[in-house]
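# Coordinates for the following, if possible.
(chains A and B)
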Amino acid sequence: MGDGALSVWEKSSTARVVPSAHPRKLAKVPFVELADGRLQGVVSSGSDIGRVYVSSVEAGTYAFACSTNNNRPCGGARGWFCNHIRALISEAVLQYGVERVGRYLKVEVSGGASADAGSLTDAMTAVRPGQGDSSAAAQVFSRFLRHLAYLELAPSTAPLPEMQWFPTTRAVA
Amino acid sequence: MVPDDEGGGLMRADLLTDAVDGLDEALAAVDGFDEVLVAGLLRPQPAQAHGLAALAEAVAGSPLAARVAEAAEKTAAGAAGEDHFVALAAARTALLGSVHDALVLRVEEAVGRPRDEQSAATAGDAEYAVNLLTAARSWLCDVARAGWQGIDHELVGGAVPVVSAMLPDAALRRLATLLDGFAAELAASCPGATLERVPVRRWADLWSRAMLLTVPGAAASAPGVTEASGRLLPLGVDVQEHATAVQAQVHAVFEPADGGTPRLVRASVSAPKPDTVVGAGLWQLLRPHMSLLAAVSEGRAMELDAMPVTGEGDLIWDDARARTGEPAEVFATARVALPTAAAFPTAPLDRHPARIAVPVLLEGYAVEEGEDGVAFQVAGQRLAVDTDRVPAAGPLTPEVVASSGACVGLLRWDAGEFLVQPLAVERTVRKKSVAVHAGAWAGGTTDKAGVRAEKAATDAVTVLRERAGRLLRK
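Model (predicted):
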């Protein structure tokens, strides 16, 4: 082979690209994702069972937004990360691991192996991020609904040969 | 334990490490094309034209020759249409099909089991939502033009509405599930320009396969269905998952009631899922839809009555056509029934090295534990063990595998070498032989760690269902 030879990982059909989500309790933050250039998700209201908050932090700028699913602004997110956003960051770190969340948000976390959700949050608040606009809330909420809709889809006993490319893995985020 | 019987159960491991004629050449042509997709097909450079020409040349002796030659030429000139991309995907698939065939032949020699020559017949067409297939193809072509280094969130996000529209349609489930897993990987890797390394063969595999599944009728080419009545003896469970889908496949020996040749079969159950349903939650999702999972956990056979089975050996499971049978020990099945069981042929579209999963029994090996994991020394040959494929929600751990003396597993091939994926192992504990199964928790468990995992998974799904019930239909 010449210098263009591929590594074993590059030549693998079943290389693991995205590790499985780490299991976590969902009651407080039922939905978290790293998408659209944001850490975004849905946080259950502590007081009203029918209400949820849509919270997000933008990668790079850490511009944050938090509002209810009916588009009312969150009272706690005036000029500062509210508790919903802090919970969102904590749960994202549980689900994806601190490294992946940090990389996605472009946060330089000090502390190396001992870095956690707290150090990630501190690193972001230290640059005094501004308030982002909450226009993405509707989109995030609809992505959450799409996510929930996966539970409504019927299982099947017809074989899916394509899943051979997605072996389970013991490695989690 | 050293087996007394050195008969049909033992494997000629030496054949698995010998070179296979023509394999390197075929894979070199595949690699050449795969490199083309890294930079994308929008403005092909001379090196890419070379990769495309080499692909065309590799299939020059096949019925695809003329179409692929034209596609390679148009693509190199930056003037390709979607049909040309389909032709390139077909050429790559055909090459890997030949690699699959050569590897399977080698495996058959190594395990020394009978094979069934009867070819897999093709079933008739069903009806398709052609517009969705067209939309999927259009997205795949955009991705190929951009190349893996050119992907960004907007481009990758284009798959979302297509997948959402496809998932509810059972006839489109295969393509939808593939695109969903593929797009999620691409999204997690955006922007492509800053990728440190690219899973070159993997993404080209996923792209090619998805391209071919956009051809109406391709996904329905599951070979003709017949009925199976007799005894089903499970060997173990293989679990596959990506963020939003899971499939469990039970590998088993089927003994026809009419005394015909025993066959190697699979029974599958799959479900779409939210990405937070993992571990024991996967078993909970699948368990209610296939009674076989409970039989596997209990170590029992099942009696089948007119169960549909495809020409590829896939049972289309229906609980109404199965009832729980006598206790059946996996290692007894592997020692007695497996050596006489014949494999079904593989359907044309499924011929790919990633599809190879041949049940084998290994005994009398030495265990090597190194930095790159566990390996077995079988008859003087090193066989890598893919312990990472053992589901996390189960009692079989890499440590247990490393202390085993016998293993029932699936022989697989990836990145140039054969591997064994453990389904169950036997180890000696206080002078007694104990079997540990990867799928032991499939039907439920009383194991302490297992019960805790089940409880956590139940809570997760309960919360999601509650949220869904409250928010979804408003």
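
# Give me the helices and strands touching the biggest helix by length in chain B, please.
The single longest helix within chain B, with elements called by DSSP state H, is helix B:82-111. On a contact count with 3 or more C-beta pairs under 8 Å, 6 or more residues apart in numbering or on different chains; DSSP states H and E, helix B:82-111 meets helix B:14-17, helix B:23-39, helix B:46-58, helix B:65-76, helix B:130-146, helix B:200-213, strand B:358-363, strand B:406-414. From N, CA and C alone the C-beta is placed, and that goes for glycine too.

# Can you list the buried residues in the very next helix or strand once past the fifth one?
Counting by DSSP states H and E, the element after helix B:130-146 in chain order, helix or strand, is helix B:153-157. Buried residues in helix B:153-157, counted by 16 or more other C-beta atoms under 10 Å in any protein chain shown: B:155-157.

# does helix B:153-157 come close to chain A?
Yes - residues of helix B:153-157 are located near chain A by C-beta under 8 Å from any C-beta of the partner chain, namely B:153, B:157.

# what about the following helix or strand past that helix, distance to the chain center?
Next helix or strand after helix B:153-157 toward the C-terminus (DSSP H and E): helix B:159-166. Average the C-alpha atoms of helix B:159-166, do the same for its chain, and the two points are 23 Å apart (C-alpha atoms, centre = their mean, to the nearest Å).

# Contact partners for the residue nearest to the spatial centre of chain A?
Nearest residue to the geometric centre of chain A (C-alpha atoms, centre = their mean): A:Glu33, 2.8 Å. Contact partners of A:Glu33, counting by C-beta atoms under 8 Å, 6 or more residues apart in numbering or on different chains, are A:39-41, A:143, A:147.

# Tell me the one of the residues you listed nearest B:Asp372?
The shortest gap between B:Asp372 and any of those belongs to A:Leu39, at 33.9 Å (C-beta to C-beta).

# Am I right that the closest one sits in a strand?
Yes - A:Leu39 forms part of a strand when assessed by DSSP: H, G, I helix; E, B strand; the rest coil.

# right, and it touches A:Tyr104 too?
Yes - between A:Leu39 and A:Tyr104 there is a contact under C-beta atoms under 8 Å: 6.8 Å.

# Now do the shared contacts for those two.
Between them, A:Leu39 and A:Tyr104 share the contacting residues A:Ala59, judged by C-beta under 8 Å, 6+ apart.

# Please name every helix or strand in contact with whichever strand or helix holds B:Ala424.
Assessed by DSSP H and E, B:Ala424 sits inside strand B:417-429. Strand B:417-429 sits against strand B:225-242, helix B:330-332, strand B:358-363, strand B:381-385, helix B:398-402, strand B:406-414, strand B:432-437, with contacts defined as 3+ C-beta pairs under 8 Å, 6+ apart.

# A:Leu39 and A:Tyr104: which has the busier surroundings?
Higher neighbour count among A:Leu39 and A:Tyr104: A:Leu39, with 27 against 19, using other C-beta atoms under 10 Å in any protein chain shown.

# so what's the more buried one up against?
Contacts of A:Leu39 (C-beta under 8 Å, 6+ apart): A:32-33, A:56-57, A:59, A:88-89, A:92, A:101, A:104-105.

# Just send these back as CSV, with pLDDT too.
As requested, those are exported to CSV (pLDDT from 0 to 100):
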residue, pLDDT
A:Val32, 96
A:Glu33, 94
A:Ser56, 95
A:Val57, 96
A:Ala59, 93
A:Leu88, 97
A:Ile89, 97
A:Ala92, 97
A:Val101, 93
A:Tyr104, 90
A:Leu105, 94
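
# quick check, nearest of those to B:Glu312?
A:Glu33 (36.3 Å).

# can you dump the C-alpha coordinates of the helix or strand hosting the closest one into CSV?
Using DSSP H and E, A:Glu33 sits in strand A:31-35. Only the C-alpha atoms of strand A:31-35 are listed here, as CSV (Å, rounded to 0.1, in the frame of the first residue of the first chain):
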residue,chain,number,x,y,z
PHE,A,31,-34.9,16.0,26.2
VAL,A,32,-31.3,17.1,25.5
GLU,A,33,-29.6,17.4,22.1
LEU,A,34,-26.5,18.9,20.5
ALA,A,35,-27.9,20.2,17.3
